[in-house]
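Student: structure, please.
(one chain, ligands or ions: 1)
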Amino acid sequence: MRTWSFAKGHGTENDFVIIVDRHDLLSPGTDDVRYLCDRRVGVGGDGFLRAVKAEHIDGWDGDPDLWFMDYRNADGSLAEMCGNGIRVFARHLADEGLIGAEVSIATRAGAKQVSVLSDGRVRVDMSPVRLMAESRVTHGGCAYDAVGVDVGNPHAVCGTDDLEALDLTIAPEFDAEVYPAGTNVEFVCGLGDHHVAMRVFERGVGETRSCGTGTVAAATAARAWAGERDDASWRVDVPGGSLEIAFHGDAITMTGPAVLVAHGEVVLPD
Ligand SMILES: N[C@H](CCC[C@H](N)C(=O)O)C(=O)O
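Tutor: Numbering: from 1, shown residues only. Predicted coordinates:
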């Protein structure tokens with residue numbers, strides 16, 4: 001058996017198991033991640049965040065002394081970036097005295113500038129974000145025109161006027177030619193001036209209460225649908241809360257809560 005120290009946290013109720021593995025000694029496998037994220041036999045979470053020094057990450061060619069966010073979905077699959085996760089990741093490292101309030105965090109989508117704010121929120125520069133090909137998504141007998149948004153990880157954003165009617169226990173179907181590695185699918189409806197609501201079916205997880213990269217994708221799509229290019233701040237409501245997405249020139253920041261709820265020891269089967 002192996003015993004690992006962990007923390008548990010969430011950002012707008014998108015929750016994570018966090019392990020600090022500074023010297024890359026733990027080597028969690030897919031089965032380990034699935035076990036840790038299992039809400040009955042393990043700790044429980046939508047995803048797994050491992051903090052390891054970037055020098056240990058093959059292919060990282062940036063500053064080797066940065067903390068690297070090794071993110072895995074609950075099914076054990078890798079993802080390039082996690083918006084709610086990086087806020088919780090930074091909050092935990094700051095609480096542990098391992099980083100300061102302004103820090104660059106390495107991810108599979110590059111280094112991200114993160115500010116741990118004194119009011120408990122965390123701000124992340126999520127750039128670069130780019131529009132991808134449009135495609136069709138089908139779900140519940142309906143077909144949607146989806147805007148593709150690359151936030152480091154892929155998103156297909158669909159417009160709808162009835163979020164509550166969606167049964168997201170059923171996976172939406174997307175165009176595998178546009179998304180050969182799968183995609184997160186967001187359903188977005190307008191609520192007012194620079195204000196949208198969103199539900200999401202996440203790649204590697206299923207429906208979650210929130211998706212940080214998804215809120216960036218949703219605001220980016222809503223801005224494109226509105227034909228806007230000016231700087232502006234958008235509010236994106238998700239079932240687990242709200243996030244602020246601000247467009248300022250080429251920079252796109254996401255600001256929102258990061259809550260640590262538990263620390264402990266977890267025993268993993270061999
Ligand atoms: N499921 C996503 C990764 C987690 C994204 C989400 N939890 C976030 O906060 O951005 C993917 O496979 O691309």
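Student: which residues sit in contact with the residue nearest the centre of the chain?
Tutor: Closest residue to the average C-alpha location of the chain: residue 82 at 2.7 Å, with CA atoms, centre = their mean. Going by CB atoms under 8 Å, 6 or more residues apart in numbering, residue 82 touches 16, 47, 49, 69, 71, 153, 212-213. C-beta here means a position set from N, CA and C on the backbone, and glycine is covered the same way.
Student: please report how far it lies from residue 210.
Tutor: Distance, residue 82 to residue 210, by CB to CB, to the nearest Å: 11 Å.
Student: same check, this time on residue 239
Tutor: 7 Å.
Student: overlap of the contact sets of those two?
Tutor: residue 13.
Student: up against the ligand, what does the stretch 151-270 of the chain have?
Tutor: Within the stretch 151-270 of the chain, the positions near the ligand by CB under 6 Å from any ligand atom are 153, 184, 202-205, 211-214.
Student: who's more crowded, residue 239 and residue 210?
Tutor: More crowded of residue 239 and residue 210, by other CB atoms under 10 Å: residue 210, with 29 against 16.
Student: pretty sure the more buried one sits against residue 84.
Tutor: Yes. Between residue 210 and residue 84 there is a contact under CB atoms under 8 Å: 5.8 Å.
Student: got any residues that touch both of these two?
Tutor: Between them, residue 210 and residue 84 share the contacting residues 11-12, 14, judged by CB under 8 Å, 6+ apart.
Student: the ligand next: which of those are close?
Tutor: residue 14.
Student: turn the shared contacts of residue 210 and residue 84 into TSV, columns for pLDDT and distance to residue 137.
Tutor: Shown next, in TSV, are the shared contacts of residue 210 and residue 84 (pLDDT from 0 to 100; distance: CB to CB, whole Å):
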residue	pLDDT	distance to residue 137
11	98	25
12	98	23
14	98	21
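Student: closest to residue 122 among the shared contacts of residue 210 and residue 84?
Tutor: Among those, residue 11 lies closest to residue 122 (CB to CB), at 7.9 Å.
Student: identify the bridge partners of that closest one.
Tutor: Note on residue 11: beta-bridge partners by DSSP bridges are residue 14.
Student: hey, what's residue 148 bridged with?
Tutor: With DSSP bridges as the rule, residue 148 is bridged to residue 156.
Student: contacting residues for it?
Tutor: Residue 148 touches 131-135, 154-157, 178-179, 183, counting by CB under 8 Å, 6+ apart.
Student: format these as TSV; extra columns: secondary structure, neighbour count and distance to residue 42.
Tutor: TSV is the format used below for these (DSSP: H, G, I helix; E, B strand; the rest coil; neighbours: other CB atoms under 10 Å; distance: CB to CB, whole Å):
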residue	secondary structure	neighbour count	distance to residue 42
131	strand	15	37
132	coil	17	34
133	coil	12	37
134	coil	13	39
135	strand	19	35
154	strand	23	27
155	strand	29	27
156	strand	29	30
157	strand	31	31
178	coil	16	34
179	coil	21	29
183	coil	28	26
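Student: could you work out the most separated pair of the residues of the stretch 151-270 of the chain next to the ligand?
Tutor: 204 and 212 (14.7 Å).
Student: who has more neighbours out of these two?
Tutor: The neighbour comparison of residue 204 against residue 212 (other CB under 10 Å) goes to residue 212, with 27 against 18.
Student: got phi/psi on the more buried one?
Tutor: Backbone torsions of residue 212, given as degrees, to the nearest 10, read phi -60, psi -50.
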